[in-house]
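[1] Build the 3D model from these lines:
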Amino acid sequence: MNSLIKLEITRALRNKKFLFFSVVYPSVLFLLIAGSSDSSTKVDGTGLNLAAFMMVSMVSMASFGALTAVLMGNSERIAKERESGWVRQLRLTTLPGRGYVLAKTASAAVVSLPSIVVVFVVAAVTKGVRLDAWQWLALVGAIWAGSLCFAALGVAIGYLATGDAVRPITMIVYFGLSILGGLWFPSAGFPDWLRNIASWLPTHAYAALGQAIELGNAPHAKDVFLIVAYSLVFAGGAAWLYRKDTLKA
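    Sure, this is the predicted structure:
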């Protein structure tokens, strides 16, 4: 299992296109959206300047920008590996389903972590974002850990779809969760029934973790529970699909 983890991490780091969209693109996205903001402008009711207030939502979006590549990369790579026979070769080994999921998730984590750090550095240097040291560390930890939930989802999608269908399915899932979770538009503007649905989505809980920390508060127990629960469901589903695909062969 350790050998497979090292292999997956090496493959991810060698993919220049993957690295660009995972590490560079999120910081570019932040600059495009926050570039015209004045660091002295305060957001009512928060005491934060506009760039700082936007940072968590942008980091959430940037993390999902990185996870777009991770989600697409994981799901597409797995679908192609199934078609090429690589997964069939893994079935001949003693690798358990959880080991396969762990290897794919670990490779995603290696790339998603620097993408978060780069956005923070860019925000601090170019927009004058200032937070306490514990907030920086807590934000990195919370956003990075939360991203693993969606990395596992990418593995599951890779076993649900064929090589031709995996890209559109992944994009539908990604944009659907992003929009309904309030990442692109504030969920406060949704109708009551839609806002209630959004509050139970993993993307909504994911964004709420960072927003709470940035405001100096502890994350809500409900948001932490949802991220952990969805992570277990996605990881368990991915492992089950791996075993099911093994039995089918």
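[2] Show me where the protein dips below the pLDDT cut-off.
    1-2, 4-5, 12, 17-18, 33-70, 72-73, 87-88, 90-98, 185-186, 245-249 (pLDDT under 70).
[3] check which helix or strand covers the residue nearest the centre of it.
    When CA atoms, centre = their mean is applied to the chain, the residue found nearest the centroid is S147 (3.5 Å). For S147, the element it lies in under DSSP states H and E is helix 133-160.
[4] For that helix, buried residues please.
    135-136, 138-140, 142-160 (16 or more other CB atoms under 10 Å). C-beta coordinates here come from the backbone N, C-alpha and C atoms, glycine included.
[5] How far does it sit from its chain's centre?
    Averaged C-alpha coordinates place helix 133-160 at 5 Å from its chain's average position (CA atoms, centre = their mean, to the nearest Å).
[6] Could you pull out the strands in the protein for me?
    Assigned by DSSP state E, the chain shows no strands.
[7] Now do the helices in it.
    Under the criterion DSSP state H, helices of the chain are mapped to 2-14, 16-19, 25-34, 50-84, 86-91, 97-127, 133-160, 166-180, 192-198, 202-214, 221-248.
[8] just to revisit the earlier point, my guess is the residue nearest to the centre of the chain contacts S112, does it?
    Yes - between S147 and S112 there is a contact under CB atoms under 8 Å: 4.6 Å.
[9] Report how many residues lie close to L13.
    Using other CB atoms under 10 Å, L13 has 13 neighbouring residues.
[10] A108 is in contact with that one, correct?
    No - contact criterion CB under 8 Å: L13 and A108 do not qualify, at 11.8 Å.
[11] Tell me, how many residues neighbour E83?
    E83: 13 neighbours (other CB under 10 Å).
[12] Tell me which residues touch it, please.
    T162, G163 (CB atoms under 8 Å, 6 or more residues apart in numbering).
[13] so how far is L13 from it?
    Distance, E83 to L13, using CB to CB, to the nearest Å: 24 Å.
[14] How about S147?
    17 Å.
[15] returning to what we had before: now for the helix holding S147, which elements pack on it?
    Here helix 133-160 touches helix 50-84, helix 97-127, helix 166-180, helix 202-214, helix 221-248, going by 3 or more CB pairs under 8 Å, 6 or more residues apart in numbering; DSSP states H and E.
[16] For V23, find the nearest of those helices.
    helix 97-127 (4.7 Å; CB to CB).
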